[in-house]
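Participant: Starting from these lines, generate the structure:
(2 chains)
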Number of protein chains: 2
Amino acid sequence: MDGTAVGEWVVGVDSGGSGLRIACAEAAGGRVVETESTREPVRTGPRGIEAGHLLERLLPSVDGFLGRHGGRMVAVAVGAAGMATLGDELRAEVPGALRQALGVRRLALAADAVTAYAGALGQRPGAVVAGGTGLVALGTDLTGWRRADGWGHLLGDCGSGAWIGRAGLEAALRAHDGRRGGSRALLAAAEQRFGPAAGLPGALYPRTDRPAVLASFAPEVARCAEEGDRVASRLLRQAAARIAESAAAVCPAAGVEGAARVEVALTGGLFRLGDPLLVPLEEELAAQLPHARRAAAAGDPLAGAVALAAALAAGTLRLPEDPRLLYVPEH
Amino acid sequence: MDGTAVGEWVVGVDSGGSGLRIACAEAAGGRVVETESTREPVRTGPRGIEAGHLLERLLPSVDGFLGRHGGRMVAVAVGAAGMATLGDELRAEVPGALRQALGVRRLALAADAVTAYAGALGQRPGAVVAGGTGLVALGTDLTGWRRADGWGHLLGDCGSGAWIGRAGLEAALRAHDGRRGGSRALLAAAEQRFGPAAGLPGALYPRTDRPAVLASFAPEVARCAEEGDRVASRLLRQAAARIAESAAAVCPAAGVEGAARVEVALTGGLFRLGDPLLVPLEEELAAQLPHARRAAAAGDPLAGAVALAAALAAGTLRLPEDPRLLYVPEH
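Facilitator: Down below sits the predicted model:
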């Protein structure tokens, strides 16, 4: 018995740069019943992520669900990109608003890295690397969190899509200049995509979404590696080493709760680059985290938010609370 | 006899992101008589570098000089950052305007890399690396130019101030996260300069002068290396290798005009980082350009502009004309 009853529901939210997703699920067990998604991201204002904009989309969605299915909502978990640094307004306003509007008293506000973790490994100790345009690793021994990287495309995000794409474009321009370390295949791919090399700076620097532009070239690096380009293969092996370094920095030692091995999982679009990245990455993980067992990610960040909400509803939350990473206000 | 006479003057101009400098010199021999500089850069508009803004500062300066010294101006050389990509308006409007206002018929419009070259090596064949926040290498065998790098802080500028500073900040954050490759000394230096590590992304990404912010940390990397930090030393050795790669890509083969060796020179603020960069750089140049003799840069880009103007006046220009790098309109 986990303390939940029929007609009791939970809702998980995943808010990020590419939009907002909301999943309503059974409180007992967390089976998802309905999912809603919009491509419009929640606005970020001078006070951070805007609570009002989030609520005006979440509350009607929950009302609609309860209208169709009856019962009541007993727990909510919101995962949001930027929660650690931009979540002040959410932490200040969302708990009271949800209590008032839905009567929900069990609530978690989580960094997107935490929902990624919960989606991938649930509440088991270990390390999760979330990779896309950027890259962050999060680990826990269930007493606290460790975070590595996630510093953005200039300061880090080592091994991310932006990192791989940037390195690929540099190798293309090395070939253009006749510098060593260049790749004619990457140059051809870059010119195919962005036009003549001389125009690359003008195509990149004026953009406000430079990391995404860089990351858009990562699949070309993977393709060139697959077709035998040695420079591209070397870049992806370096990316694999960087990714494993972040995982190793956050992964707890073996022996947590007596378990012989902890787990490490990968989640996010970066790992859809396929074998040219994944083959060296498995080798690097085995070398750098010999005490960790590779686990497949069970679900995505939205599934992680639902899992957090279900754990709150059942009173079984084991992932450690943290004022910025996993905020659970007193109820 | 070089065809110039007493009372004949030339003017060299160096226009860049940090301002405008103008030097008036004797046409015979190029001895500089007066130099003027302002920190306000020439404006760049939708049509590129604004010819009107350049002329309204150059012409009064020349008029004032001729008022004080008498005689006439016989040649002008303008070196400008962005000439290759943003110089269309200059090429279209400056020759006619100077002919009309000063009666000057001998004129060159040069990329700043060309004035850097002329300042460093004069009209001798070889390669010059111009390094500061960015980095570009230019080489010539006197029949044409080769250029390497200069692609900006995301696509290249490998080994530049921004490159070194960025790598230093990454190493600082590696130490912060507990990732391998980190340096506690660089972390301390970064926190001293920018505040707690968690605030670094907020201190960097919203800025429009991100490359300059990154480059501002390069002297700290050099200082840490000087004080024995191995990570900082390794970063500077990597920068040295990158710089030499650009020099090697543009340097002509030995034997130009029968000379046993061509020359390679370094110019710009980057090389004031001192021994932590220069010692490995000399080793890399010796290894990657064994056929090139290391030469000290004779002068800066402003001196290079004066040298170009004096060569035009004397009819002794040997550096190769190029529509974008060294434009010499028919007179």
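
Participant: Flag every residue of the stretch 201-331 of chain A that's near chain B.
Facilitator: Proximity of the stretch 201-331 of chain A to chain B (Cβ under 8 Å from any Cβ of the partner chain) is limited to residues A:201-202, A:204-205, A:210, A:214, A:245-246, A:248-250. C-betas here are computed from N, CA, C, even on glycine.

Participant: Including neighbour count and pLDDT, could these go into a markdown table?
Facilitator: Shown next, in a markdown table, are these (neighbours: other Cβ atoms under 10 Å in any protein chain shown; pLDDT from 0 to 100):
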| residue | neighbour count | pLDDT |
| --- | --- | --- |
| A:Pro201 | 17 | 90 |
| A:Gly202 | 13 | 86 |
| A:Leu204 | 18 | 91 |
| A:Tyr205 | 15 | 89 |
| A:Arg210 | 17 | 92 |
| A:Leu214 | 26 | 96 |
| A:Glu245 | 24 | 98 |
| A:Ser246 | 31 | 98 |
| A:Ala248 | 24 | 97 |
| A:Ala249 | 22 | 97 |
| A:Val250 | 25 | 97 |
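
Participant: Among those residues, which are located in helices?
Facilitator: Among those, DSSP state H puts A:201-202, A:204, A:210, A:214, A:245-246, A:248-250 in helices.

Participant: Closest to A:Arg105 out of those residues?
Facilitator: Using Cβ to Cβ, A:Val250 is the member of those that lies nearest A:Arg105, at 31.8 Å.

Participant: Report the contact partners of the nearest residue to that closest one once chain neighbours are set aside.
Facilitator: Of all residues not flanking A:Val250 in the chain, A:Gly139 sits nearest, at 3.1 Å (Cβ to Cβ, 6 or more residues apart in numbering or on different chains). Listed by Cβ atoms under 8 Å, 6 or more residues apart in numbering or on different chains, the contact set of A:Gly139 reads A:126-128, A:145-148, A:247, A:249-252.

Participant: after the helix or strand containing A:Gly139 comes which helix or strand?
Facilitator: For A:Gly139, the enclosing helix or strand under DSSP states H and E is strand A:135-140. Toward the C-terminus, strand A:135-140 is succeeded by strand A:145-149 as the next helix or strand (DSSP H and E).

Participant: now that next one against strand A:135-140, angle please.
Facilitator: 160 degrees (axes from the mean of the first three to the mean of the last three Cα atoms, to 10 degrees).

Participant: Does the helix or strand following strand A:145-149 pack against any helices or strands, and if so which?
Facilitator: Under the assignment DSSP H and E, the closest C-terminal helix or strand after strand A:145-149 is helix A:161-177. Contact analysis of helix A:161-177 by 3 or more Cβ pairs under 8 Å, 6 or more residues apart in numbering or on different chains; DSSP states H and E lists helix A:184-194, helix A:210-215, helix A:218-226, helix A:230-250, strand B:145-149, helix B:230-250 as its packing neighbours.

Participant: residues contacting A:Cys24?
Facilitator: Contacts of A:Cys24 (Cβ under 8 Å, 6+ apart): A:9-11, A:32-35, A:61-62, A:65, A:69, A:73.

Participant: For the residues you listed, give me a markdown table that also has secondary structure, distance to B:Trp163 and pLDDT.
Facilitator: Listed next are the contacts of A:Cys24 as a markdown table, based on DSSP: H, G, I helix; E, B strand; the rest coil; distance: Cβ to Cβ, whole Å; pLDDT from 0 to 100:
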| residue | secondary structure | distance to B:Trp163 | pLDDT |
| --- | --- | --- | --- |
| A:Trp9 | strand | 53 | 96 |
| A:Val10 | strand | 49 | 97 |
| A:Val11 | strand | 47 | 97 |
| A:Val32 | strand | 47 | 95 |
| A:Val33 | strand | 52 | 95 |
| A:Glu34 | strand | 50 | 95 |
| A:Thr35 | strand | 45 | 95 |
| A:Ser61 | helix | 47 | 95 |
| A:Val62 | helix | 50 | 95 |
| A:Phe65 | helix | 52 | 95 |
| A:His69 | helix | 57 | 94 |
| A:Met73 | strand | 52 | 95 |
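
Participant: What subset of those is buried?
Facilitator: A:9-11, A:61-62, A:65, A:73 (16 or more other Cβ atoms under 10 Å in any protein chain shown).

Participant: one step back: would you show me how to pick out the buried ones of the contacts of A:Gly139 in ChimeraX?
Facilitator: Filtering the contacts of A:Gly139 down to the buried ones (16+ other Cβ under 10 Å) takes a single ChimeraX command:
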select /A:126,127,128,145,146,147,148,247,249,250,251,252
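
Participant: SS state for A:Val264?
Facilitator: strand (DSSP: H, G, I helix; E, B strand; the rest coil).

Participant: And stretch A:281-295, what's buried?
Facilitator: The neighbour-count check on stretch A:281-295 (16+ other Cβ under 10 Å) flags A:281, A:284-285, A:288-289, A:292, A:295 as buried.

Participant: just stretch A:268-281 next, same as before
Facilitator: By neighbour count on 16+ other Cβ under 10 Å, the buried set for stretch A:268-281 is A:268, A:270-271, A:273, A:276-278, A:280-281.

Participant: again, but for stretch A:296-304
Facilitator: For stretch A:296-304, by 16+ other Cβ under 10 Å, it's A:297-304.

Participant: OK, contacts around A:Ala190?
Facilitator: A:Ala190 touches A:168-169, A:172-173, A:197, A:200, A:217, A:220, counting by Cβ under 8 Å, 6+ apart.

Participant: Most distant residue from the centre of chain A?
Facilitator: Within chain A, the residue lying farthest from the chain centre (Cα atoms, centre = their mean) is A:Gly178, at 38.2 Å.

Participant: For it, which non-adjacent residue is spatially closest?
Facilitator: B:Ala249 (4.4 Å).

Participant: right, and the one you found touches A:Asp177 too?
Facilitator: Yes. Under the criterion of Cβ atoms under 8 Å, B:Ala249 makes contact with A:Asp177 at 5.2 Å.

Participant: Quick check: of the buried residues of stretch A:296-304, which lies closest to chain B?
Facilitator: Chain B has its nearest neighbour among the buried residues of stretch A:296-304 in A:Pro301, at 20.8 Å by Cβ to the nearest Cβ.

Participant: so that closest one touches A:Asp14, yeah?
Facilitator: Yes. Using Cβ under 8 Å, A:Pro301 makes contact with A:Asp14 at a distance of 4.8 Å.

Participant: shared neighbours, those two?
Facilitator: Common neighbours of A:Pro301 and A:Asp14 (Cβ under 8 Å, 6+ apart) are A:79, A:112, A:115.

Participant: between those residues, which has the most around it?
Facilitator: A:Thr115 (35 neighbours; other Cβ atoms under 10 Å in any protein chain shown).

Participant: quick one, the helix or strand where that one lies and helix A:230-250 angle?
Facilitator: Applying DSSP H and E as the criterion places A:Thr115 in helix A:112-121. Orientation check (the same axes, to 10 degrees): helix A:112-121 against helix A:230-250 gives 90 degrees.

Participant: which residues are contacting helix A:112-121?
Facilitator: Residues from elsewhere that reach helix A:112-121, judged by Cβ under 8 Å, 6+ apart: A:12, A:14-16, A:77, A:79-83, A:110, A:128, A:130, A:136, A:138, A:140, A:145, A:147, A:150, A:263, A:265-268, A:295, A:297-305, A:307-308, A:319, A:325-326.
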